[in-house]
Every structure is written in C-alpha cells, then in structure tokens.
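Trainee: Need coordinates for the below:
(2 chains)
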Amino acid sequence: MHVTHADLRAYLDEELPTADRARTAAHLEGCPDCRVRLNGVAEQAARVQARLATLAPDMADAPQSAHAARLQVFDRQRKDGVFMVKGLVARRSVWAGLAAATALAVAFSFAPVRAWAGQFLGLFRVERIQVVQLDTSGLSALADNATLAEQISLLFSDSVRIVHEPADPVVVASAAEASERAGFPVRLLSAGSVQSVITVRDGMAFEVTADRARAQGILDEAGRSDLVLPEALEGATIAVDVPTGATVAYGECPTGTQAEFGFDPDDTAERPTSRGSFRACVLFAQIPSPTVNAPADLNVAELAEIALQFVGMSAEEASEFSQTVDWTSTLVVPLPREAAAYEQVAVDGVTGTLVYEERGTTAEQFYMLMWVKDGIVYGLQAFGLRGEVLALANSVR
Amino acid sequence: MAPTDAAPDHEAAFERAFAEHYQRVYGVLFQLMGDRAEAEDLTVETFWRLWDRAPRREWNLAGWLYRVALRLGYNALRARRRRARYEIEAGSQALETSAPPGPEQAAEAAEERSRVRAALGQLPERDAQLLLLRTAGLSYKELAAALKLAPGSIGVLLSRAEAAFERVYDG
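Mentor: Residues are numbered from 1 along each chain as shown, chains lettered A, B, ... in the order given. Predicted coordinates:
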C-alpha cells in the first residue's frame, strides 16, 4: 500500500501525526517509487515557495515594532470617528450614509450638531422632515484635514456619555413579534411573495456635555472664527433618547457583518459589497421619534445657524432657514447639492421627502423616501423607477 | 493603554493572539500589498477588529484573524485597482506599481513579484489564500482553522494549489 499524495506532502512538511510519520518513513525506505514521488512533490514545493518568497517582506520592509503596532491598535479605537467624519462629506457617500437605512441610521441623523432642543419646551420630537441642500465643496477640503477630523472626533468621544448601550440587533419571525419587542406597531410593505427579514434594533440613550471652548477651537482651526458659539453652550448637557426601531429587508440584501462592515470574514465567495449589491434589496426602516432634552436657555435657532454655516450655507441663507424651521419638531436632513436632489411627495397619507441622485427621475436609480406619521419616522431605500418606489411606499400596512 | 472596561480574559486572549500572530499577519498582508506602509495599516486594522469585534467566545481566534486579514487585503487591492482604473480613464500616467528606475536587479525582482502576483490572481481564491498563508509560515493546523478546511486535507490541497500555480506561472 503506497503512500497517498496527501501523506507525502504532509510528511514533507513534517505535519504527519507521529504514528503515521513512522509508518511512512518505514515505507519510503523500502519503496523507490514512493521516494521518486516524494522528490517530485518536494521539488515542486520548493520551486513554488521560492517564487512566493519573493513577495515576502525583506529586511527593508520589516514592519514597525509589535509594541508600536499595539499602541496604534488602541489608538485606532479613538480615531474611529475620523473615518465617520470623512465619509460624511465624500461626494458619493450620501448613499453610503443613507444606504445603511437602519432605524439607528435614521435616528443618528439627529447627531448633536442638528438635534438641539427647542428653546421653550426643551423637548424635541420629530413631526416633519425638511431637507436643506448644501454646497459641501468647502467641506470636502475640511474632510481631508486629518487634524481637524481627529479633533472633532475626540471632542465627540470626550463629550458623549452613553447612558444606555444598545443590545445586539435581533431578527424576528413576524411583524407581530417585532411590534411586541419594539413597543410600537411595526408595519410591512405589501411586497408580494418577496421574502422579508425583520430586524429589531435596540434603542440607546446618550448625553452630550458641550465643551464650548474646545468646540470654538475647532471652528477656529477650520478657519471659521467668524462663527461664535454662545456662552450658554458651556457645560450644557443635552440628553438624547433613541428608541428601539425595526428594519425590514426585502429581497437579496447584504446581511450581517457584510452589511455593517463591508466584509464578512467567513464569506469566501467574492460577493460585491459596494452599492451594486443593494440593487436587489429594499430596506424599510422605522423608528419612533427620538427625543432630545436640552436646557431651556439654549438658543437652538442660533446654534442651528452656526451649524448650517459651518456645513456650507451663507449667513443670510442660514438665518433665513433657521427662522422658518420649527426646530422642536423638525428633522433637518442636509444633502450635498452636487450629490442629490429631492422633492416632496404624498405618501402614506402624509407629505414625505423623496431623495435621489441628480439624474432626473426617468432613469432607474436609488431612491430614499422619508416620512413621519403618528410619531414614527419611516425610511425606505430602493432601487428602481420613481413610480415603482412610490407605489411600494404607499403599499405600507 | 488598553481600554479598561474589557473582560480580563478577552484582553488576555487578545494579547496572546497579538504576540503570536503579529509578524505573520503582517507577512500575509505585505505579500498581498507589496507596500510596507499599507501592510502596516492593514495589520493594525486587522488587530483592531480582533479587539473590537471578534466574538467573545471565538475559540478559533487565529483562524478568524487570518480570514479578516485576507479580506481586508483583498478589499484594499480592489480599491487600488479601481483607483488605477479611474486614473487611466482620466488620462493619467500614474499606475499602481511602476517599476522603479535603478539597478537591473531591482527591476527584475519587481517584475518577478509582479508575475507572481498575477499568477496568484488567476488561481481560485482558496488556492491563492492557501499559498499565501503557507508562505507566511502557518502550520497545517492554522491553515485548516483559517480557511475552514479539514486538517487532513491540507497536504493534498497545498500540492494541488502549487501545481495550479506552476501551470499558470509557466503557462
């Protein structure tokens, strides 16, 4: 009984279990054929390894010390916000941001820059959505400023205290189960026989304690010393409560780690993780309005004006816009002018906002439709024709 | 320096994994990227994900680690190719790896590496990964863990991958 090819190779690499190794060695001693085969295997292995060795790092390419790398690993955690900030203003990333389309993603457009509470009530609940278009070309230059981005992310991470950490998302079997877990009636689209996956996303609560001096420093660093933050901001604590929401995915949607992180270490097939894979996928997110609590003496309109000017509006535009918006009940969604267009549409018995790339509405493309009804914020993302997407949204039950 | 509110056994497991695999993970990524800075960045990225996202009860930490490293490497290569494509479309002369001017040996070595990478690129992904990880020094057991293969099959799969490589390289 000759040595199998598998065993020959393992023998060569000294990877055979002891008993088998002894047996193989004994066999080889008395079997010239197998010795010849072993040589063949050895030579092939040597040739190929020699070729591959050219790719390996030589002395000049030795890595930084393990100690230095380790420090960077933990430093990376602090810098996570840098990538987030850069992503927000990249030209095509309005879809990267919107395509997440989970209840939390919709809720996080309430990030501290925009979600300041009303000056009278101190409480903020979403009743409507308003889009504001911005010329973000100036902002993209900022995005490349690593120091600035790092300062913003550090200010953010130092100022934010998570009061309630969300549990992992849970996939449930029915809308009824989702409603029970989430605490509000979870609605579905009438999408025929297309398979749907319902995920319930746990809510979270966090507090932001404003550090006026540092924030002003960032404005100065960004070349916007013309924007002066009000004194009342110093030490102001804003509490944000993001409720549990649900996302319903229809069709072939990237799942799990791939959807969240853009890759799945267990996925050996080369599945595309770019937006191409979202073409066969419809995402329908819903979340009750997040609530924001802030001190009554905080001038929300003033802060909003500063924020709008920072992201690209002129002083006049910002002032005008800020005065027309009821900040206590409006979710303001900024859109880079060059990346997206929007219009108001009738949906689900209310007025919603349809966002799309500026290619007119005759071609198939990605659409994002947002609306608020009975205190629940809805977001629908789909690829197709305008009419189809609206019909889909209006099929909600 | 490490975050303080991690479970002690998670931290200990991370430190062990880091000490044991840092050099080799870098080796794998350097083979893929051919660039020290990029390989270092991706190595840090890999270990950061290990720290931040590896399932707490993952018994096969090493396997997970190499899979993540490979995935990050492939993503980076794809991004690089996309950028190169756009640069070509824009009429730019810059391409991802231009042979550096210099002594003949350096140019030849660069060309060889280019050929090796091209050959690897034409292999089925599992074969390419097997060869890369083996070159980086992984044992059969580690290879099996990283690529989710039966340990007893590594020998023959490795041989076949090598044979496939030679066919593409010489052919």
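
Trainee: neighbours of B:A107, just the number please.
Mentor: Look at B:A107: counted by other Cβ atoms under 10 Å in any protein chain shown, it has 13 neighbours. Backbone N, C-alpha and C define where each C-beta goes, glycine included.

Trainee: Over to it. Which of the three states is it?
Mentor: State at B:A107, reduced to three classes by DSSP: H, G, I helix; E, B strand; the rest coil: helix.

Trainee: Give the other helices and strands that the longest helix belonging to chain B contacts.
Mentor: Longest helix in chain B, counting residues (DSSP state H): helix B:61-89. Contacts defined by 3 or more Cβ pairs under 8 Å, 6 or more residues apart in numbering or on different chains; DSSP states H and E place helix B:61-89 against helix B:8-33, helix B:36-53, helix B:125-135, helix B:140-147.

Trainee: Now do the longest one, average pLDDT.
Mentor: When you say that, I think you mean helix B:8-33. Taken as a whole, helix B:8-33 carries a mean pLDDT of 84.

Trainee: That one and chain A in contact?
Mentor: Yes - counting by Cβ under 8 Å from any Cβ of the partner chain, chain A has neighbours in helix B:8-33: B:F18, B:A19, B:Y22, B:Q23, B:Y26, B:G27, B:F30, B:Q31.

Trainee: of those, closest to A:T24?
Mentor: B:G27 (29.8 Å; Cβ to Cβ).

Trainee: so what's that closest one closest to, chain neighbours aside?
Mentor: Nearest residue to B:G27, sequence neighbours excluded (Cβ to Cβ, 6 or more residues apart in numbering or on different chains): B:A136, at 4.0 Å.

Trainee: So for A:C31, which of the helices and strands packed on helix B:61-89 sits nearest?
Mentor: Ranking the helices and strands packed on helix B:61-89 by their distance to A:C31 (criterion: Cβ to Cβ) puts helix B:140-147 first, at 23.7 Å.

Trainee: so where is chain B shaky, pLDDT-wise?
Mentor: Scanning chain B for pLDDT under 70 picks out B:1-10, B:53-60, B:84-103.

Trainee: try 80 this time
Mentor: B:1-13, B:51-62, B:78-107, B:171 (pLDDT under 80).

Trainee: Can you report how many residues lie near A:A246?
Mentor: A:A246 has 27 nearby residues by other Cβ under 10 Å.

Trainee: Reduced to three states, what does it come out as?
Mentor: From three-state DSSP, the assignment for A:A246 is strand.

Trainee: Might one say that it is in contact with A:A178?
Mentor: Yes - taking contacts as Cβ atoms under 8 Å, A:A246 lies within contact range of A:A178: 4.9 Å.

Trainee: Residues that sit against both of these two, list them.
Mentor: A:V186, A:I198, A:V200 (Cβ atoms under 8 Å, 6 or more residues apart in numbering or on different chains).

Trainee: Which members of these are positioned in helices?
Mentor: Using DSSP H, none of the shared contacts of A:A246 and A:A178 sit in helices.

Trainee: Name the nearest of those residues relative to chain B.
Mentor: A:V200 (20.4 Å; Cβ to the nearest Cβ).

Trainee: OK, contacts around that closest one?
Mentor: With contact set as Cβ under 8 Å, 6+ apart, A:V200 has these partners: A:P169, A:V170, A:V171, A:V172, A:A178, A:R181, A:A182, A:T244, A:G245, A:A246.

Trainee: What of B:L50?
Mentor: B:F14, B:A17, B:F18, B:L61, B:W64, B:L65, B:V68.

Trainee: got any ranges where the stretch 51-200 of chain A has weak pLDDT?
Mentor: Applying pLDDT under 80 to the stretch 51-200 of chain A flags the ranges A:58-60, A:74-162, A:165-168, A:191-195.

Trainee: same thing but at 50, please
Mentor: Scanning the stretch 51-200 of chain A for pLDDT under 50 picks out A:81-124.

Trainee: near chain B, which residues of it?
Mentor: So the stretch 51-200 of chain A meets chain B at A:51-57, A:61, A:63-64, A:66, A:69-74, A:76-77 (Cβ under 8 Å from any Cβ).

Trainee: Reduced to three states, what does the residue nearest to A:D297 when sequence neighbours are not counted come out as?
Mentor: Among residues not flanking A:D297 along the chain, A:A232 sits closest, at 5.4 Å (Cβ to Cβ, 6+ apart). Secondary structure, three-state DSSP: A:A232 is helix.

Trainee: what about A:A232, how many neighbours?
Mentor: By the criterion of other Cβ under 10 Å, A:A232 has 15 neighbours.

Trainee: Touching, it and A:A294? I think so.
Mentor: No - applying Cβ under 8 Å, one finds A:A232 not in contact with A:A294, separated by 10.3 Å.

Trainee: Look up the closest residue to A:T24, ignoring the ones flanking it.
Mentor: That would be A:Y11: by Cβ to Cβ, 6+ apart, it lies 5.0 Å from A:T24.

Trainee: What strand or helix carries the one you found?
Mentor: According to DSSP states H and E, A:Y11 maps onto helix A:5-12.

Trainee: count of residues packed around residue 68?
Mentor: No chain specified, so I'll use chain A. Neighbour number of A:A68 under other Cβ under 10 Å is 11.

Trainee: that's the wrong chain, I wanted chain B
Mentor: 27.

Trainee: For it, give its distance to B:L50.
Mentor: To B:L50, B:V68 is 7 Å away according to Cβ to Cβ, to the nearest Å.

Trainee: Show me the residues of the stretch 51-200 of chain A next to chain B that map onto helices.
Mentor: Those of those lying in helices (DSSP H): A:R51, A:L52, A:A53, A:A66, A:A69, A:R70, A:L71, A:Q72, A:V73, A:F74, A:R76, A:Q77.

Trainee: residue contacts, A:Q49?
Mentor: B:R134, B:T135.

Trainee: wait, is it part of a strand?
Mentor: No - counting by three-state DSSP, A:Q49 falls outside a strand, being helix.

Trainee: Check it and give its pLDDT.
Mentor: 90.

Trainee: Burial check on the residue nearest to B:G27, number of neighbours?
Mentor: The burial count assigned to B:A136 is 24, neighbours taken as other Cβ under 10 Å.

Trainee: coming back round to it: Throw the ones in helices among the residues of the stretch 51-200 of chain A next to chain B into CSV and include neighbour count, thanks.
Mentor: Converted to CSV, these look like this (neighbours: other Cβ atoms under 10 Å in any protein chain shown):
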residue, neighbour count
A:R51, 21
A:L52, 21
A:A53, 12
A:A66, 14
A:A69, 19
A:R70, 20
A:L71, 14
A:Q72, 18
A:V73, 23
A:F74, 15
A:R76, 19
A:Q77, 13
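
Trainee: ok, the nearest residue to B:E20 once chain neighbours are set aside to chain A distance?
Mentor: Of all residues not flanking B:E20 in the chain, B:A62 sits nearest, at 7.4 Å (Cβ to Cβ, 6+ apart). The spacing between B:A62 and chain A, counted by Cβ to the nearest Cβ, to the nearest Å, is 12 Å.
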